[in-house]
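A.B. asks: sequence unavailable; structure follows:
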């Protein structure tokens, strides 16, 4: 458990990461606030060796599926475990947090990919494969998002438009001039860039025609799918929009020869990246994910984000520097004003409570019961966020997970209390546990109930057996509390 923490640095690592391991806190507390933010942003200087620690002693364990080899490239449950492992152990927390943000922003589900391609392995491959491990060099969507986590937003739009999983998910592989498929054209405007209210219905059809020919083809010795521009499938006529596509104000992408038609899509993406509403739409989502899900967003904050976005040429590292260095981010009133996504809750609990002897496979069913299966958002709009994460059933799943984890760590928790000499009284034990599981402030009535739990079965002695039973039970109650669900 991270029993001692600095409130401000812990806030930074909870928002820009998934909470803090004790070694993470030590690393970042040696920096100034600006230095800590820069370390998070400039993660390229930190070796990305986390996958090499899979199944090594001292790290959270991997659960094997009926004794089969661990294969995150072909088995989606294994892919989920690997991503959870990265979230717990990565030394590049902001890269992983941004990858999760983009996974919801460009929501794509492995389930439809599997069913469309007739193979569960295909769904895992095009979502979760690492190019270095795949025989065809396939880079799954999540690795692509990770590689571009703080890159250029315009370039990321191009990558997602050519992504195999996205082309299957939104039916772009079937988008041809004789039968334009509107799904991607609509969503790149509505959900990926400008947002609702800034395009007309006529633009959807025009956008579909822009991307005709942006299809898939089989390639390589293993005949995997990859992006292919099919000139014969492209609509070569003019495409006119209700908003400017070009910097000179022109709203029309002029007719081109089919052989040059891929440029239509690139011009359109350029126009969307340059649209004045794009950074405001994106900034709103960044505010709700990194700063607060309560209250209104000051328009001046969005103005600042937009200015940085355009001044930097759509550079997400510059945008995120502005987010993380903003007064709004560091305002103590913003602490614990986000509702933890299930995966955030699980990973933070593992970091706070401990993981020795815990298998990540034990987290997968609880995460589904909480409402979040990695690689499978419910639809193209992503998961329902904020308070909508919480229902009677999903909150019970969180409490049950807290119980399972606390019971699994019972011995380790009791030892930590003994080593810190924190078991002399119920009050000292409660203070110790609350310092290790940072949460929104508990009111006096809740604190008294937690103290009552410690003495409900008899007077406090601080014996070894009492610490074994009561520490894990107290951790269960704190990690399963409403206050701990806030990030």
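C.D. replies: Everything's here; your move. Predicted model, so just to flag it, every value in this text is computed and none were measured.

A.B. asks: touching, residue 328 and residue 291? I think so.
C.D. replies: Yes. Residue 328 lies in contact with residue 291 (C-beta atoms under 8 Å); the separation is 5.4 Å. Glycine gets a C-beta too; all of them are placed from N, C-alpha and C.

A.B. asks: neighbour count: those two, which is higher?
C.D. replies: Legend: neighbour count by other C-beta atoms under 10 Å for residue 328 and residue 291, higher for residue 291 (22 against 16).

A.B. asks: pretty sure the more buried one contacts residue 330?
C.D. replies: No. With contacts counted by C-beta under 8 Å, residue 291 stays clear of residue 330, the gap being 9.6 Å.

A.B. asks: picking up where we left off before, what do residue 328 and residue 291 both touch?
C.D. replies: residue 334 (C-beta atoms under 8 Å, 6 or more residues apart in numbering).

A.B. asks: what about the nearest residue to residue 297 once chain neighbours are set aside, distance to residue 320?
C.D. replies: With C-beta to C-beta, 6 or more residues apart in numbering as the criterion, residue 297 has its nearest non-adjacent residue at 5.2 Å, and that residue is residue 287. Using C-beta to C-beta, to the nearest Å, one obtains 12 Å as the distance from residue 287 to residue 320.

A.B. asks: out of these two, which sits in the busier spot?
C.D. replies: Comparing residue 287 with residue 320 by other C-beta under 10 Å, the one with more neighbours is residue 320, at 24 against 21.

A.B. asks: dump the residue contacts of the more buried one.
C.D. replies: With C-beta under 8 Å, 6+ apart, residue 320 has these contacts: 41, 94, 98, 150, 286.

A.B. asks: now residue 361
C.D. replies: For residue 361, the contact set (C-beta under 8 Å, 6+ apart) comprises 62, 63, 64, 65, 77, 81.

A.B. asks: how much space between it and residue 208?
C.D. replies: 42 Å.

A.B. asks: so the residue nearest the centre of the chain, which of the three states?
C.D. replies: The residue lying closest to the centre of the chain (C-alpha atoms, centre = their mean) is residue 100, at 1.6 Å. Assigned with DSSP: H, G, I helix; E, B strand; the rest coil, residue 100 falls in the helix class.

A.B. asks: tally of neighbours for the residue nearest to residue 355 when sequence neighbours are not counted?
C.D. replies: Spatial nearest neighbour of residue 355, excluding adjacent residues (C-beta to C-beta, 6+ apart): residue 60 at 3.9 Å. Residues lying near residue 60 (other C-beta under 10 Å) number 23.

A.B. asks: report the contact partners of residue 60.
C.D. replies: By C-beta under 8 Å, 6+ apart, residue 60 lies in contact with 84, 85, 88, 89, 350, 355, 358, 359, 360.

A.B. asks: what two of these are the furthest from one another?
C.D. replies: Pairwise distances across the contacts of residue 60 peak at 14.6 Å for 89 and 359 (criterion: C-beta to C-beta).

A.B. asks: the two: which is more packed in?
C.D. replies: Set side by side, residue 89 and residue 359 show more neighbours around residue 89, with 22 against 15, by other C-beta under 10 Å.

A.B. asks: do I have it right that the more buried one meets residue 51?
C.D. replies: No. Contact between residue 89 and residue 51 fails when scored by C-beta under 8 Å: they sit 9.3 Å apart.

A.B. asks: in the least confident helix or strand in the chain by mean pLDDT, what's buried?
C.D. replies: Here the helix or strand of the chain ranked lowest by mean pLDDT, DSSP states H and E is helix 22-29, holding a mean of 92. Neighbour counts over helix 22-29 (16 or more other C-beta atoms under 10 Å) mark 24, 25, 27, 28, 29 as buried.

A.B. asks: what residues of the helix or strand harbouring the residue nearest to residue 297 count as buried?
C.D. replies: Using DSSP states H and E, residue 287 maps to helix 278-290. Residues 278, 279, 280, 281, 282, 283, 285, 286, 287, 288, 289, 290 are the ones in helix 278-290 that count as buried (16+ other C-beta under 10 Å).

A.B. asks: tell me which two of these sit farthest apart.
C.D. replies: Farthest pair in the buried residues of helix 278-290 (C-beta to C-beta) is 278 and 290. Separation: 17.9 Å.

A.B. asks: can you show me the strands along the stretch 301-450 of the chain?
C.D. replies: Secondary structure of the stretch 301-450 of the chain by DSSP state E, counting those that start in this stretch: no strands are present.

A.B. asks: now residue 227. Its backbone dihedrals?
C.D. replies: Torsion angles at residue 227 (phi, psi; degrees, to the nearest 10) stand at phi -60, psi 140.

A.B. asks: so what's the residue count around the closest residue to it other than its chain neighbours?
C.D. replies: Leaving aside its chain neighbours, residue 227 sits nearest to residue 162 (4.1 Å; criterion: C-beta to C-beta, 6+ apart). The number of residues packed near residue 162 is 19, by other C-beta under 10 Å.

A.B. asks: show the pLDDT at residue 162.
C.D. replies: You'll see residue 162 listed with a pLDDT of 98.

A.B. asks: again, but for residue 6
C.D. replies: Residue 6 carries a pLDDT value of 81.
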